[in-house]
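A.B. asks: from the sequence below, what's the structure:
(2 chains)
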Protein chains: 2
Amino acid sequence: MFLVNGERRHCVDVSDRGFQYGDGLFETVEVLKGQPLFWGRHLKRLVEGCKRLLIPPPDLALLEMDARQLCTGVDRAVLKLIVTRGSGGRGYRQPDPVAPTRVLGLHPFPHYPDQYQSEGVVARFCHQRLAINPALAGIKHMNRLEQILARAEWNDDAVQEGLMLDCDGHVVEGTMSNLFFVKNGVLHTPELSRCGIAGIVREIVIDLAFRNNIVVLEQQFDGSSALTADEIFVTNSVIGIWPIRQLERQCFDAGRITRSFQQWYAEARITETALWLEA
Amino acid sequence: MFLVNGERRHCVDVSDRGFQYGDGLFETVEVLKGQPLFWGRHLKRLVEGCKRLLIPPPDLALLEMDARQLCTGVDRAVLKLIVTRGSGGRGYRQPDPVAPTRVLGLHPFPHYPDQYQSEGVVARFCHQRLAINPALAGIKHMNRLEQILARAEWNDDAVQEGLMLDCDGHVVEGTMSNLFFVKNGVLHTPELSRCGIAGIVREIVIDLAFRNNIVVLEQQFDGSSALTADEIFVTNSVIGIWPIRQLERQCFDAGRITRSFQQWYAEARITETALWLEA
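C.D. replies: Alright, predicted model coming up:
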């Protein structure tokens, strides 16, 4: 089910720049007991992304009204928000004025086996690299051909995620997730100033680390660094936190620190639900 | 006016991957006296792009039928072709099977002053860089945020084009055009194996150079190389060949070689028209 600018529709204008050029942003939100989780964080990132792409931010009250309309009474689902630069003529020059398009869609929550959480998943390295572009780094924009080509590298359901390197060989993230690994009790995660998407669960995990006095090292790492980690896990708003139990031919235990973050993240989700119900 | 999969419609499915991820390709074609010019070359590039993005190429007979329906009786216009990976679920993984979407749209031919052709245009260097990604280089795909951010750097109608450098400082192309410059009688154009779009008029200009015994140097050039050229021009299917008369503070004459290419390109367009009418 979709709402396009607040109306129940299943289509967008051909001249929408989202369709013509991938000229927009999106958010993928977990819906639990009628509530889009970490809604405030998602909206904050969306607005920041709009500013960086010079798209006028959407009316947040309208977005929330749309979200409530779609999510009320829904036990579990995925809510996808899209904001584009709206319709315009042919050519890259921005329309003047810009009238952004907002699209909200409710999708079934994917059924992942429980052991992805408990025992972990299998990951590989992708051949497809992430290009370096500081102007777009961190933003969840709609230019996603790199991720699509990376995800097309395997069809084997035994592999759940692919890790991507940038053009200089630094490991950045998964095709659909952010990457963390633990070495000697220190939490490592690639910095995202040159490419990659700054995920909401990534942000929460870093906050949780600070709160629990776990040192976080956010910098560039070679692809091989991940292989010598004690623990390794990936995050996004739909999967939560998945330990990686095997990366290429290297096996890992879902260790104590990964388990702690899973526990803390589960608690954060419950706190969030309480907040929205009170509002 | 648009044809979506052969039907007169003005909208596409929200779940089309062209809209979700910019997951597709396009062609921009000049229409003259009812004919899409250099049609064979455009289709060839489109099919090659589909192969590289792992999208099943569209039925060319259907594309041509659509094009004839839109272009017949039209004196001058711009025909835009889009092929996307079609509709799919949430997530980067390709739908199985893929049912590509084809969209053809007819747009008014932009009115450019005659002196852009005769005297030349003014260009600047953009701050926005082109990211290096060999897997996407050359393809006219729909991930175009870099060009959009570059084109948003100026609003001054006295400037007609912006030249873009890659992340290593090599000049690659204009925001909407390919770049050529002449030094000591040799035609220079940036090679496009790491980023940039391999334009149809660019290909024709290189063919015309071979045919007229003009040496073509296709390699990486620093941004400053263009500033010390004897002649400099940009190309695309809508503008044809525009001399650059000023780049930043440096002025140029539309010299003998640029004029020759304009003349040869004009003749090639006429030959093309004759070919289609005979078909």
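
A.B. asks: quick check, the residue in chain A closest to chain B?
C.D. replies: Residue nearest to chain B within chain A (C-beta to the nearest C-beta): residue A:22, separated by 2.4 Å. In short, each C-beta sits where N, CA and C put it, glycine included.

A.B. asks: wait, what's in contact with the nearest residue to that residue once chain neighbours are set aside?
C.D. replies: Excluding its sequence neighbours, the residue lying closest to residue A:22 (C-beta to C-beta, 6 or more residues apart in numbering or on different chains) is residue B:22, at 2.4 Å. Shown in contact with residue B:22 (C-beta atoms under 8 Å, 6 or more residues apart in numbering or on different chains): A:21, A:22, A:142, A:143, A:144, A:145, B:141, B:142, B:143, B:144.

A.B. asks: look up how far residue A:19 lies from residue B:22.
C.D. replies: 8 Å (C-beta to C-beta, to the nearest Å).

A.B. asks: work out for me the element residue A:27 sits within.
C.D. replies: According to DSSP states H and E, residue A:27 maps onto strand A:24-32.

A.B. asks: how far does that strand sit from its chain's centre?
C.D. replies: Chain-centre distance of strand A:24-32: 8 Å, with C-alpha atoms, centre = their mean, to the nearest Å.

A.B. asks: list the buried residues of that strand.
C.D. replies: A:24, A:25, A:26, A:27, A:28, A:29, A:30, A:31, A:32 (16 or more other C-beta atoms under 10 Å in any protein chain shown).

A.B. asks: hey, what's the residue nearest to residue A:18 when sequence neighbours are not counted bridged with?
C.D. replies: Closest residue in space to residue A:18, ignoring its immediate chain neighbours: residue A:84 at 3.2 Å, by C-beta to C-beta, 6+ apart. Beta-bridge partners for residue A:84, by DSSP bridges, are residue A:24, residue A:101.

A.B. asks: near residue A:84, how many other residues are there?
C.D. replies: 28 (other C-beta atoms under 10 Å in any protein chain shown).

A.B. asks: average pLDDT for the helix or strand that contains residue A:242, rounded please.
C.D. replies: Element membership of residue A:242 [criterion: DSSP H and E] is strand A:240-247. If you average the pLDDT over strand A:240-247, you get 98.

A.B. asks: who does it touch, helix- and strand-wise?
C.D. replies: helix A:115-118, strand A:121-125, strand A:161-165, helix A:200-211, strand A:231-236, helix A:256-278 (3 or more C-beta pairs under 8 Å, 6 or more residues apart in numbering or on different chains; DSSP states H and E).

A.B. asks: gap between it and the chain center?
C.D. replies: That offset, for strand A:240-247, works out to 16 Å (C-alpha atoms, centre = their mean).

A.B. asks: same question for stretch A:128-140.
C.D. replies: For stretch A:128-140, the distance to the chain centre is 14 Å (C-alpha atoms, centre = their mean).

A.B. asks: and that stretch with chain B, contact?
C.D. replies: Yes: for a cut-off given as C-beta under 8 Å from any C-beta of the partner chain, stretch A:128-140 has contacts with chain B, namely A:128, A:129, A:131, A:132, A:133, A:135, A:136.

A.B. asks: list the contacts of the strand holding residue A:242.
C.D. replies: A:116-117, A:119-125, A:160-161, A:163, A:177, A:201, A:205, A:226-227, A:231-235, A:251-254, A:258, A:261-262, A:265-266, A:269.

A.B. asks: how close does the nearest residue to residue A:108 once chain neighbours are set aside sit to residue A:71?
C.D. replies: Leaving aside its sequence neighbours, residue A:108 sits nearest to residue A:77 (C-beta to C-beta, 6+ apart; 6.5 Å). Residue A:77 sits 7 Å away from residue A:71, going by C-beta to C-beta.

A.B. asks: kindly export the worst-scoring helix or strand of chain A on mean pLDDT (C-alpha atoms) in PDB.
C.D. replies: Ranking every helix and strand in chain A by mean pLDDT, DSSP states H and E puts helix A:256-278 at the bottom, with a mean of 88. This file holds the C-alpha atoms of helix A:256-278, laid out as PDB (Å, rounded to 0.1, in the frame of the first residue of the first chain):
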ATOM      1  CA  ARG A 256      30.000 -11.400  24.400                       C
ATOM      2  CA  ILE A 257      30.100  -7.900  23.000                       C
ATOM      3  CA  THR A 258      27.800  -8.700  20.000                       C
ATOM      4  CA  ARG A 259      25.300 -10.300  22.400                       C
ATOM      5  CA  SER A 260      25.400  -7.300  24.600                       C
ATOM      6  CA  PHE A 261      24.600  -5.000  21.700                       C
ATOM      7  CA  GLN A 262      21.700  -7.200  20.600                       C
ATOM      8  CA  GLN A 263      20.300  -7.100  24.100                       C
ATOM      9  CA  TRP A 264      20.800  -3.300  24.400                       C
ATOM     10  CA  TYR A 265      19.200  -2.700  21.000                       C
ATOM     11  CA  ALA A 266      16.200  -4.900  21.900                       C
ATOM     12  CA  GLU A 267      15.700  -2.800  25.000                       C
ATOM     13  CA  ALA A 268      16.000   0.500  23.000                       C
ATOM     14  CA  ARG A 269      13.300  -0.800  20.600                       C
ATOM     15  CA  ILE A 270      11.000  -1.400  23.600                       C
ATOM     16  CA  THR A 271      11.700   2.000  25.100                       C
ATOM     17  CA  GLU A 272      10.900   3.600  21.700                       C
ATOM     18  CA  THR A 273       7.500   1.800  21.500                       C
ATOM     19  CA  ALA A 274       6.600   3.200  24.900                       C
ATOM     20  CA  LEU A 275       7.500   6.700  23.900                       C
ATOM     21  CA  TRP A 276       5.200   6.800  20.800                       C
ATOM     22  CA  LEU A 277       2.300   5.300  22.700                       C
ATOM     23  CA  GLU A 278       2.500   8.100  25.300                       C
END
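
A.B. asks: need the contact list for residue A:223.
C.D. replies: A:125, A:163, A:165, A:169, A:170, A:171.

A.B. asks: please redo it, this time with the cut-off set to 10 Å
C.D. replies: Contact partners of residue A:223, counting by C-beta atoms under 10 Å, 6 or more residues apart in numbering or on different chains, are A:125, A:163, A:164, A:165, A:166, A:169, A:170, A:171, A:172, A:247, A:248.

A.B. asks: okay, it: pLDDT?
C.D. replies: 91.

A.B. asks: chain B next: which of the contacts of strand A:240-247 are close?
C.D. replies: Here nothing survives when these are matched to chain B using C-beta under 10 Å from any C-beta of the partner chain.

A.B. asks: PyMOL command to pick out the buried ones of these?
C.D. replies: Buried residues within the contacts of strand A:240-247, by 16+ other C-beta under 10 Å, are selected in PyMOL with:
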select buried, chain A and resi 116+117+120+121+122+123+124+125+160+161+163+177+201+205+226+227+231+232+233+234+235+252+254+258+261+262+265+269
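
A.B. asks: quickly list the domain ranges of chain A.
C.D. replies: Here the domain assignment for chain A is A:2-108, A:115-271, based on automatic domain parsing.

A.B. asks: what about the last one, start to end distance?
C.D. replies: Translated: domain A:115-271. Domain A:115-271 has an end-to-end distance of 25 Å (C-alpha to C-alpha, to the nearest Å).

A.B. asks: residue contacts, residue A:8?
C.D. replies: A:1, A:2, A:69, A:70.

A.B. asks: looking at it, the last one is touching residue A:35, isn't it?
C.D. replies: Put plainly, it is residue A:70. No: between residue A:70 and residue A:35 there is no contact, the gap being 11.4 Å when judged by C-beta atoms under 10 Å.
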